[in-house]
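[1] next one to model:
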Amino acid sequence: MLADNTSREIYDALMEIPILDPHSHINPHAAASKSLEDILGYHYYTELAHSCGMDKNFLAPEIPGQDKVREIIRHMNQFDNTAQYSWFLEIAQTFLDFQGDRILPKDTDYLWETAQKKMSSPSWESHVLKTSNLEKIFLTNDFDDPLEGFDTSFYIPCLRTDELVFHFARNNVRSRLEKISGVNPGSASELNKALYNLFKHFTQKGARACAISLPPDFSPIKVSDEAMDLCFKSSDFDSPTWKNGIFWKLAEACNDWKLPFDLMIGVNRNVYQDGVFQGKDLYDQRTSLIQYASLFNNFPKVTFCVSVLTSNQNQELASYSWIFPNVVTHGHWWYSNIPTHIEQDTRARLQAVPKTKQIGYYSDMYKLEFGLPKFNMYRKILSNILSKDFVQTKRNNISEAVALGKLLLRGNSETIFKIS
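    Sure thing, here's the model as predicted:
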């Protein structure tokens, strides 16, 4: 909700700014939803419904999509207080012609049938993009993605490297690295060649960043090539030596190829072992950015765009970005992506961190329809802060406040990721 007329004026101006979304999980080959199941299959809704008592067997692959949707909506009255519910309501109203202000079980068939009709249109993706004012979207690409069959100037590649660091011995990662790089590494020097070819492939295809999500106990340090050679000799790819060694080499490659390194810090995987798909991971407050001090110190020319999983850690992130020239605050990730935390964290960053070192928001979305409600949520919060803290205190006029908002929404991303 916008607080006053000044907030409304700022918000209306920010709405005119095309969205550059610096982090998403969009599949560029199937970016828009094909049914309402794609919308309500987003892990936020399955998690919330399951938390309210929904049997996760309703999410089994053999269950018809309409039945899955019906069951999630049946539980929705138990979580219609949440930000995620408001996203879905805005999607229904904006894209599915829903006229109400509350979604009830009796609305399921209308929403399902309307979605089926509208989303089957060949122009649905372009309609969603135009309505949402989405101009460029960063992807999260597997390291062996050929990056073909889509417009890489719009859907911008980003090299995701979790598997190389944490799962090299699994999921055919080593053979997949060989296929994409032309090198089957058996030593540190050969690993260097494989990573060189990998980064060459991604940068030639328009990649603008490298990214990784990191567990709470990870503390990267430099590892010698001799120690890495021993990992290859013993096939010990689950050891701290391997994880530290290849992570450090990725940072070196980012330095060599002049790519920002997106660090998403603090996720503890598989905490709720009986959770729904993508609904098992939680934050862990044992994490501290002091674990990354050596990294930040050793790579002063690499821009580290840092996301933390908890609002509690925001002060530490703001302080690191305040002190380190190469550390940038990056969005409001996952469990911090609700209005109360966004408002608190955004206000703290604006009071503590240089305005040119803040990437205000990213969607983290899996389907295009979520870009509009998520960015609208952020724009409303940002507009209220700019009105109260900058215009009403006479630090800025409205035009200057809008310019500051534009920096956070896209200007800093354009600079950091070299988007023209």
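[2] residues contacting Gly41?
    Contacts for Gly41 (Cβ atoms under 8 Å, 6 or more residues apart in numbering) come out as Leu59, Lys68. For the C-beta atoms, the positions are set from N, CA and C on the backbone; glycine is no exception.
[3] try Asn172
    Residues near Asn172 by Cβ under 8 Å, 6+ apart: none.
[4] quick one, grab the pLDDT at it.
    At Asn172, the model reports a pLDDT of 94.
[5] same question for Phe98.
    If you check Phe98, the pLDDT there is 98.
[6] helix or strand: which one has the closest residue to it other than its chain neighbours?
    Using Cβ to Cβ, 6 or more residues apart in numbering and skipping the chain neighbours, the partner closest in space to Phe98 is Ala92 (3.8 Å). Ala92 belongs to helix 83-95 when assigned by DSSP states H and E.
[7] coming back round to it: and the residue nearest to Phe98, how far from Ile381?
    Going from Ala92 to Ile381 by Cβ to Cβ, to the nearest Å gives 22 Å.
[8] so what pLDDT did the residue lying closest to Ile73 once chain neighbours are set aside get?
    Computed as Cβ to Cβ, 6+ apart, the closest residue to Ile73 that is not its neighbour in sequence is Thr108, at 5.0 Å. Here, the pLDDT recorded for Thr108 equals 98.
[9] pLDDT of stretch 117-133, averaged?
    98.
[10] I'd assumed the residue nearest to Ile73 was in a helix, is it?
    Yes - according to DSSP: H, G, I helix; E, B strand; the rest coil, Thr108 belongs to a helix.
[11] tell me the contacts of it?
    Applying Cβ under 8 Å, 6+ apart, the residues near Thr108 are Gln66, Val69, Arg70, Ile73.
[12] from the chain's centroid, how far away is the helix or strand harbouring the second one?
    Using DSSP H and E, Val69 falls within helix 65-74. The chain centre lies 26 Å from the centre of helix 65-74; the measure is Cα atoms, centre = their mean, to the nearest Å.
[13] which of the residues in that helix are buried?
    Gly65, Gln66, Lys68, Val69, Arg70, Glu71, Ile72, Ile73, Arg74 (16 or more other Cβ atoms under 10 Å).
[14] doesn't Asp142 make contact with Phe202?
    No - counting by Cβ atoms under 8 Å, Phe202 stays clear of Asp142, with 11.0 Å between them.
[15] give me the more crowded residue out of these two.
    Set Phe202 next to Asp142 and count neighbours by other Cβ atoms under 10 Å: Phe202 wins out with 24 against 15.
[16] state the mean pLDDT of the helix or strand containing Leu164.
    Assigned by DSSP H and E, Leu164 belongs to helix 162-166. Over the span of helix 162-166, the pLDDT mean works out to 98.
[17] give me the buried positions along that helix.
    So helix 162-166, judged by 16+ other Cβ under 10 Å, has buried residues Glu163, Leu164, Val165, Phe166.
[18] check stretch 134-141 too.
    Residues of stretch 134-141 classed as buried by neighbour count (16+ other Cβ under 10 Å): Leu134, Lys136, Ile137, Phe138, Leu139, Thr140, Asn141.
[19] and Lys243, how far from Ile212?
    Taking Cβ to Cβ as the measure, Lys243 falls 11 Å from Ile212.
[20] name the SS class of Leu263, please.
    strand.
[21] pretty sure Phe150 is in a helix, no?
    No - Phe150: not assigned to a helix; according to three-state DSSP it is coil.
[22] tally up the residues packed near the closest residue to it other than its chain neighbours, please.
    Leaving aside its chain neighbours, Phe150 sits nearest to Pro28 (3.7 Å; criterion: Cβ to Cβ, 6+ apart). By other Cβ under 10 Å, 19 other residues sit near Pro28.
[23] got the contact list for Pro28?
    Leu139, Gly149, Phe150, Asp151, Tyr155.
[24] kindly report the same for Asn412.
    Residues near Asn412 by Cβ under 8 Å, 6+ apart: Val328, Thr356, Lys357, Gln358, Ile359, Gly360.
[25] quick check on the residues you listed: which are buried?
    Using 16+ other Cβ under 10 Å, the buried members of these are Val328, Lys357, Gln358, Ile359, Gly360.
[26] please consider this matter closed, and thank you.
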